[in-house]
Structures are given as structure tokens and as C-alpha cells.
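**Q** Provided below are the primary sequence and the corresponding predicted coordinates.
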Amino acid sequence: MAGQLPRWADYGLMPILNVIVAFLVSGLVVLFIGENPLEAVRILVEGALGSGRGTAYTLYYATSFIFAGLAIAVAFHGGLFNIGGEGQIYLGGLGAGLVALWLGPHWPWWATGVVAALAAALFGAAWAFIPAYLQARRGSHIVITTIMFNFIAAALMVYLLAGPLRSSTGMSAQTANFAPGGQLPRLREFMAFFGIDIGSAPFNVSFFLALLMGVVVWVLIWRSRLGYEIRTTGTNPTAAVYAGVPHVRTIVVAMLISGGLAGMTALNIVMGQAHRVQVEFPGGAGFIGIAVALMGRSHPVGIVFAAILFGVLYQGGAELAFELPNISRDMIVLIQGLVILFAGALEHMFRPALLRLFAGRARPAAAGV
């Protein structure tokens, strides 16, 4: 069909080309400041994947990005641009933190973890409800409302962590440390079974929950009636309404699922690493989730690989800034920004050329039939 690429090219080749171009441009920037781009790549890859500790940190970061990417992808399929991931992660952290503080001293981690995951999803979904309802009922633009809700969530968390929820034993704006029952166990023994020593890296069991949520999202979007309604609404809202798809309900449900997945991102950070709720704990994961969803073509498998790539950039970038003083932390942010640029704003840059290439190959094949 004209205008369409083979699925393997659309979901695999285009993202790979975008990443390659992003790294080539990044290499030119590194060369411009007087460093060897090949040496920089070596340090970045070795820092992220060259040791058990580095790999564990990479997967720890990737866990947050998988949750956030899945959240954004569900909204994308419904034709919605959920920019509110940061705020939804904030509220998810509040829900998970309250459960950990309440049940952690009394319950084992696995029981507390189940309730905390449900609370994180519920709080994140609740924070997405008002923007979803305003979009569906009043036509308020989802981008504007979700951005505003990010600021409200940040202000709310500062108030709570500096006031009612503040720890009585410290001066920082944060909760008390969770009891052992409120902490997700790290995968030190699991990785040691494979001969990998991760040291003190915060890689924890929420990684498996993130992978499970990827399977759930795949079943939801491509193997359920609700997923069909979400995709139909996202592709052509008018046709969906004529086909009997309830527009308001579908928009709201899609955003509730998106907000719930975003809220679950907090489990990895709050219960798996910090063991308390702190100010600004999302660390930009909600925004990175947008790039992860775009690079992963809103498919769970692609999202997992894209999340690992950004985990490599985060962990390897920290090592790179340490080993090469000329490459500051700001330079690492620039490299990440270039990847986001080519994976997001310029994701279709190669599409016209690829369409011509595949169309040219299809014509001789058709002529020979």
C-alpha cells in the first residue's frame, strides 16, 4: 500500500537510523570540543555495560523508563499526548510511600509491594482523570492541562514533604525511611546466580513488574476490545463514534491507564532505591518516557529496547563525564537531547527516502509476476 513501510522497517530500521544519526551528530560535538569520539563511545558503553554494577545501574534506570514509556504509549494509541507523566509519577510515589510507611513495619515486602503497586497506579490514574475528562467533555487540550498538573503535583509534594509527611529526624523535605517491609528487594542474589556482582546498585524486583506491564499493555492494545476501541479512537475519532465507540469513556479510560502506568514508575525509585519519598524524585523520567515511546514506536518490545538505550546513556554518561573532564554533565544532557530530537521531532526524517526505496524494489518484483 502506498505510504506504508514494511513493519520491520517501520518498527526496526527507522529507529535504528535515527539513533545512528543522533550518535554521529553527538560525535561531531565531542570532536569539536577536542575529544576522541571513538574513545568517548568506548567509555560510555563500558561504563554502562562493562561491569556488573554498571549493567545493574543501566537496568535500574531502564526500569523507570519502561514504565513511563508504556504510559505514554497507551495515551499515544488513543490519540492523546500525555505530557503529565512527571506529575503522575509524583502522585504514584505519594500513594506508594503512604502504603510503605503504613504497612512496611507490619507486612513482608511482597505483600506491601502488591498494595503499594495498586496505590501507585490508583494515585497516578486519579491525577490523570481531570485532564482526561476536560479533554473528552470540554475539549480542553490534554497537553496544556497535563503540563499544568505537573506543576500542581510538584507544589503539592513540596507542601506535603516539608509539612505533614516530613520526617521528624531530619531537616530535609522527605518522609521517614521505610521499614524493611516497605522496601523492594534488590536483585543482588539473582544476578549473582549468573555470576554477576552488582555491588550496591539499586536494581530491584520492580524490573520484572515493568516487563509484566509490557505484556499487559500488548494484550490490552492488540488483543482486547478496549484496545481496539482505543486504537480506533486514536486513528480516526469521527469514524470511531460512527462505529459506536463511546468517545468520552474511551478517552478517559485510556488516560486512566496511562496515568496508572506512570504512577507505577515511582515503585522503582521510591521503594526500590531511595526507600523514602523525596522532593523531585521523578528526575525527568516522565519526559524521557515520551522519547522512549516514540523511539519504541509505541510497542512494548520497542519500548523495552529504547528504555535500555536511555539507561545506557544515563549510566554511561555519568562514567563519561567522570573519565573525560572536557565532557561535562551538560554535554551528556546534550547527547541525550539529540537522541530525543531524532527519535521524536525528526522520527520521520528518513521515511520519504525509505518509501521511495521500498516502492522502487516493489515495482520490479510486481513486473516479474
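**A** Perfect, thanks for sending it. Numbers count the residues shown, from 1 in each chain.
**Q** just how off-centre is stretch 92-102 within its chain?
**A** Centre-to-centre, stretch 92-102 and its host chain are 20 Å apart (C-alpha atoms, centre = their mean, to the nearest Å).
**Q** quick one: contacts of it?
**A** Around stretch 92-102, the neighbours that count as contacts under C-beta atoms under 8 Å, 6 or more residues apart in numbering are 112, 115-117, 119-124, 157, 160, 165, 175-176, 178-179, 182-183, 262-267, 269-271, 276-277, 281-282. For the C-beta atoms, the positions are set from N, CA and C on the backbone; glycine is no exception.
**Q** same deal with stretch 171-184?
**A** Here stretch 171-184 has contacts from 97, 99-101, 103-109, 111-113, 116, 158, 161-162, 165-169, 204-206, 267-268, 271-272, 275-279, using C-beta under 8 Å, 6+ apart.
**Q** select only the buried ones of the residues you listed in ChimeraX?
**A** In ChimeraX, a selection of the buried entries from the contacts of stretch 171-184 looks like this (16 or more other C-beta atoms under 10 Å):
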select :97,99,100,101,103,104,107,109,112,113,116,161,165,166,204,205,206,267,268,271,272,275,276,277,278
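**Q** so which of the contacts of stretch 171-184 are in helices?
**A** 97, 99-101, 103, 109, 111-113, 116, 158, 161-162, 206 (DSSP state H).
**Q** of those, just say which sits nearest to Gln135.
**A** Nearest to Gln135 among those is Val158, at 26.9 Å by C-beta to C-beta.
**Q** contact partners for that closest one?
**A** Shown in contact with Val158 (C-beta under 8 Å, 6+ apart): Ala173, Val279.
**Q** related to what we said a few turns ago, now the ones in helices among the contacts of stretch 171-184 in TSV, with pLDDT and distance to Gln88?
**A** Output for the ones in helices among the contacts of stretch 171-184, formatted as TSV (pLDDT from 0 to 100; distance: C-beta to C-beta, whole Å):
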residue	pLDDT	distance to Gln88
Gly97	97	15
Val99	98	17
Ala100	97	18
Leu101	97	20
Leu103	97	22
Trp109	97	24
Ala111	97	25
Thr112	98	21
Gly113	97	19
Ala116	98	15
Val158	95	17
Leu161	95	17
Ala162	92	21
Ser206	97	16
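**Q** which of the three states applies to Ile335?
**A** helix (DSSP: H, G, I helix; E, B strand; the rest coil).
**Q** number of residues surrounding Phe67?
**A** As a burial measure, Phe67 scores 34 neighbours (other C-beta atoms under 10 Å).
**Q** try Ser328
**A** 13.
**Q** surely it meets Ala321?
**A** Yes. With contact defined as C-beta atoms under 8 Å, Ser328 reaches Ala321; the gap is 6.1 Å.
**Q** can you find the helix or strand of the chain with the lowest average pLDDT?
**A** Lowest by mean pLDDT, DSSP states H and E among the helices and strands of the chain is helix 351-367, with a mean of 71.
**Q** skipping adjacent residues, who's closest to Gly214 in space?
**A** Distances taken as C-beta to C-beta, 6 or more residues apart in numbering put Pro300 closest to Gly214, at 3.7 Å, once the chain neighbours are dropped.
**Q** count the neighbours of that neighbour for me.
**A** The tally of other residues near Pro300 (other C-beta under 10 Å) stands at 22.
**Q** what's the separation between it and Ile83?
**A** 21 Å (C-beta to C-beta, to the nearest Å).
**Q** now swap in Gly47 and tell me
**A** Gly47 is 31 Å from Ile83, by C-beta to C-beta.
**Q** tell me where the model's unsure across the stretch 1-150 of the chain.
**A** Residue ranges of the stretch 1-150 of the chain with pLDDT under 70: 1-3.
**Q** how about the helices in the stretch 151-300 of the chain?
**A** For the stretch 151-300 of the chain, the helices defined by DSSP state H, counting those that start in this stretch cover 188-193, 206-223, 225-235, 237-242, 247-266, 285-295, 300-323.
**Q** just so I know, which of these lies nearest Phe151?
**A** It is, among the helices of the stretch 151-300 of the chain and with distance given as C-beta to C-beta, helix 285-295, at 12.7 Å.
**Q** packing partners of that closest one?
**A** helix 14-32, helix 52-77, helix 85-103, helix 247-266, helix 300-323, helix 329-343 (3 or more C-beta pairs under 8 Å, 6 or more residues apart in numbering; DSSP states H and E).
**Q** what's the angle from that helix to helix 85-103?
**A** Note on geometry: by axes from the mean of the first three to the mean of the last three C-alpha atoms, to 10 degrees, helix 285-295 and helix 85-103 are set 120 degrees apart in direction.
**Q** can I get helix 285-295 in CSV, CA atoms only?
**A** Provided in CSV are the C-alpha atoms of helix 285-295 (Å, rounded to 0.1, in the frame of the first residue of the first chain):
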residue,chain,number,x,y,z
ALA,A,285,11.5,10.1,33.9
GLY,A,286,8.1,11.2,32.8
PHE,A,287,9.6,13.3,29.9
ILE,A,288,12.1,10.6,29.0
GLY,A,289,9.1,8.3,28.6
ILE,A,290,7.9,10.4,25.7
ALA,A,291,11.2,9.8,23.8
VAL,A,292,11.1,6.1,24.8
ALA,A,293,7.6,5.7,23.4
LEU,A,294,8.4,7.5,20.2
MET,A,295,11.6,5.5,19.6
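**Q** what pLDDT, on average, does it get?
**A** The average pLDDT within helix 285-295 is 91.
**Q** tilt between it and helix 247-266?
**A** Orientation check (the same axes, to 10 degrees): helix 285-295 against helix 247-266 gives 120 degrees.
**Q** what's in contact with helix 285-295?
**A** The contact list for helix 285-295 (C-beta under 8 Å, 6+ apart) reads 15, 18-19, 64-73, 76, 83-89, 150, 262, 265, 269, 302-303, 306-307, 309-310, 339-340, 343-344, 347.
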